[in-house]
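# the following block contains a protein sequence and its predicted model.
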Amino acid sequence: MPFVVVETQSDTPLYPEIPNEVVLRTEECLAERNCQWLYTLLSSERHRMICTFEAPDTESVRESFRRGGTAFSRMWSGEIVMPEAPPSTPNEKGLKVFEHTYPQGFTWKQWDETNRRVLPCHAERGVEWVQSYVSSDRTRVICEINAPDAEVIRETYRRLNVPFDRGWSAMVIKP
């Protein structure tokens with residue numbers, strides 16, 4: 001079943017209860033459309049939230065959010081990409097989320113080349129890639145990374161000229 005990402009940006013803080021409330025408000029609509037909430041990443045400042053779903057299509061989740069009266073900033077379908085080595089689990093105290101936008105999209109060859117350069121640098125600094133979400137059109141990437149702090153990741157990306165929009169500490173909220 002396809003993977004759907006719902007991004008929410010808020011000027012006022014969101015609270016840990018909010019993702020559950022979001023799903024409860026839309027739960028009936030989601031169930032009617034065979035959509036399943038997987039988990040949510042909430043920024044430590046509580047201004048950014050990413051909810052993940054398995055759903056028949058993006059429109060099923062979008063319509064569920066509309067009918068539930070739930071606001072969101074962006075919604076897209078894609079796939080989960082994991083490292084070749086068995087993936088780690090998100091480290092609650094060290095989970096960082098990095099967001100990347102590629103207006104022209106990227107090829108899988110470019111993805112592999114970037115990872116070939118980045119992953120050894122991350123490993124040297126105690127940083128571990130957990131998984132990434134890649135949009136179907138390959139213009140949007142969200143990476144889950146275990147790291148001592150976000151600045152270590154920013155430094156690597158800057159040194160290697162890997163573009164990123166933002167990086168933040170996250171907590172995982174599950175159903």
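On my side now, so go ahead. Note that the coordinates shown come from a computational prediction; the quantities given were computed from them, not determined experimentally.

# most distant residue from the middle of the chain?
Distance to the chain centre peaks in the chain at residue 32, reaching 24.8 Å (criterion: C-alpha atoms, centre = their mean).

# so which helix or strand takes in the closest residue to that one other than its chain neighbours?
Leaving out its chain neighbours, the residue that sits closest to residue 32 by C-beta to C-beta, 6 or more residues apart in numbering is residue 64, at 7.8 Å. For every residue, glycine as well, the C-beta is placed using N, CA and C. Per DSSP states H and E, residue 64 falls inside helix 58-67.

# kindly report the same for residue 157.
Assigned by DSSP H and E, residue 157 belongs to helix 150-159.

# in that helix, what's buried?
150, 152, 153, 154, 156, 157 (16 or more other C-beta atoms under 10 Å).

# ok, stretch 130-137 next?
For stretch 130-137, the buried set under the neighbour-count rule, 16+ other C-beta under 10 Å, comprises 130, 132, 133, 134, 135.

# what's the closest non-adjacent residue to the residue nearest the centre of the chain?
What sits nearest the mean C-alpha location of the chain, by C-alpha atoms, centre = their mean, is residue 142, with 4.2 Å. Nearest non-adjacent residue to residue 142, counting by C-beta to C-beta, 6+ apart: residue 133, 4.6 Å away.
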